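Engineer: using only what follows, build the 3D model:
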Amino acid sequence: MNVRQEHLIVIGETDMRLSGGPFSPMIYSCEVAHLGLKKRRTFRHKDQGVMVERVNDQLNRWRAEYARLVRRESGREAAEEATSDAETALHECAAILEGAIQPGRGSSGGASAEKSFRIGQSLYHDPRQTEGIRYNPTTGEPTSYWPAGPPKGRAPRYKPPPATMLGRVFPGVQKGREDAARAAFDRESREWEMALKSAERTDSTRQQTLEREKREWQEREGARLRYARWHSGDSQPIEDHTERVLNASEYPDWIEDALDFDLRFDVDARTLVVEFELPPQESMPTLASVTYIQSKGELREKHIGVREQDRLYGDVLYQIALRTVHELYTSDEIEAFEAIAFNGWIEAIDPATGHLVKRPILSLRARREEFLRLNLADVEPEACFRSLGGVAGSRLAKLERVEPIEPLYRSATTRGGPNE
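Structural biologist: Residues are numbered from 1 along each chain as shown. Sure thing, here's the model as predicted:
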């Protein structure tokens, strides 16, 4: 690791003076300092070459000392930064459910629902009537804008004052009149230019407003159509809406990279079935802290224990299940579905067999009324999951197979081949 430090080294000018009386030898002296180490030293010798050699030796020792200091501090900083990142990653694992709700409130305050894919009556508010914008009187669609136009009247022109007898006799009087006329013209010209620029700014602002309001109107109109289709009993708009909600949900990267889902809405049963592909445990962050070992000049990692890894992984999966149900209910303003079935699938290496398997490992069916009574801000994820009738193995890290309470397809429990 090369450490630039020449800017920290200060070498004073060499000073020559007699060491004693008039016949004593000359003494050379030089003061040097290292600002990074906050050290200073003065060298003296009757032989200038020896003095320079000693100065260089000292500077080399200071350079080496400072480089060790920087490496040590860099190692400590790297360890502190890595530890901070590790703590953040572990906290994110424990706060997956918290990230979807507002602290201190139950499931009625979903943050994801506020993003907002809510398509209720709020979409039917009257369109804004912005000054300078034309609207279709029937649909309320913004169509054009009123141009501000140029200033009234004509652009100013300079008119020199007519010559008078007094002006001929006293040239100074004529010049004063001409100066006043020129000043008036300059003032009017500035005002005219300002009025032109103001009109241009107004037109630009109205154009931008028109474009923005057109986009908003189109989004609102599309939502109106989707809302109408929801009430028609068609499953497709509900499934489309559900996909938008789930795609908008934000998770830590290691979860985001693995998540995939499929869904189906049963119109007759008013039940939404969602199947999630869950992240494997090996992608979960386990780093707890990083320490810099000064004697070896290396960073040493410490990971959470295996038992804690298994516990945290299970906690993450239970949170994903609860969060998914929460986000879907809080975004369903028209109460299209009365129940949500969540099936969590995993594709990973089975620790018991060493084979790659794909199987369902947790399943939940939650009814709207029961779920929305929960205060998700204070629940323990596994206990809440099981209280809702959810099924899962004793330890999710063992990837124990369960039968989906309500499968996406009737053949769902056999998909993926014999390794299940």
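Engineer: all the strands of the stretch 51-200 of the chain, residue numbers only.
Structural biologist: For the stretch 51-200 of the chain, the strands defined by DSSP state E, counting those that start in this stretch cover 133-135, 142-145.
Engineer: list the neighbouring strands of the one helix or strand A288 maps to plus their orientation.
Structural biologist: Element membership for A288, per DSSP states H and E: strand 287-293. Each strand that pairs with strand 287-293, with its direction, by DSSP bridges: strand 298-303 (antiparallel).
Engineer: contacting residues for A341?
Structural biologist: With contact set as CB atoms under 8 Å, 6 or more residues apart in numbering, A341 has these partners: T271, L272, V273, V274, S363, L364, R365, P404, I405, E406. To be clear about C-beta, it is placed using only N, CA and C from the backbone, and glycine gets the same treatment.
Engineer: that's a strand at it, yeah?
Structural biologist: Yes: judged by DSSP: H, G, I helix; E, B strand; the rest coil, A341 forms part of a strand.
Engineer: A199 reaches G149, doesn't it?
Structural biologist: Yes: A199 is within contact range of G149, at 6.3 Å (criterion: CB atoms under 8 Å).
Engineer: compare those two (neighbour count), which wins?
Structural biologist: Applying other CB atoms under 10 Å to A199 and G149 shows that A199 carries more neighbours, namely 15 against 9.
Engineer: which non-adjacent residue is nearest that one?
Structural biologist: With CB to CB, 6 or more residues apart in numbering as the criterion, A199 has its nearest non-adjacent residue at 4.1 Å, and that residue is A148.
Engineer: so which residues of the stretch 151-300 of the chain form helices?
Structural biologist: 165-169, 171-231, 235-248, 253-256 (DSSP state H, counting those that start in this stretch).
Engineer: same thing with the stretch 1-150 of the chain?
Structural biologist: 48-94.
Engineer: most neighbours among the contacts of A341, please name it.
Structural biologist: L364 (27 neighbours).
Engineer: shaky segments in this structure?
Structural biologist: 1-3, 18-24, 102-128, 166-167, 169, 226-233, 410-420 (pLDDT under 70).
Engineer: identify the residue nearest the geometric centre of it.
Structural biologist: For the chain, the residue sitting closest to the mean C-alpha position, by CA atoms, centre = their mean, is E250 at 10.2 Å.
Engineer: next one: phi and psi at that residue?
Structural biologist: When read as degrees, to the nearest 10, the backbone of E250 gives phi -100, psi 130.
Engineer: that one against I96, yeah?
Structural biologist: No: contact criterion CB under 8 Å: E250 and I96 do not qualify, at 10.1 Å.
Engineer: tell me the buried residues in the strand holding A288?
Structural biologist: Counting neighbours by 16 or more other CB atoms under 10 Å, one finds that the buried residues in strand 287-293 are L287, A288, S289, V290, T291, Y292.
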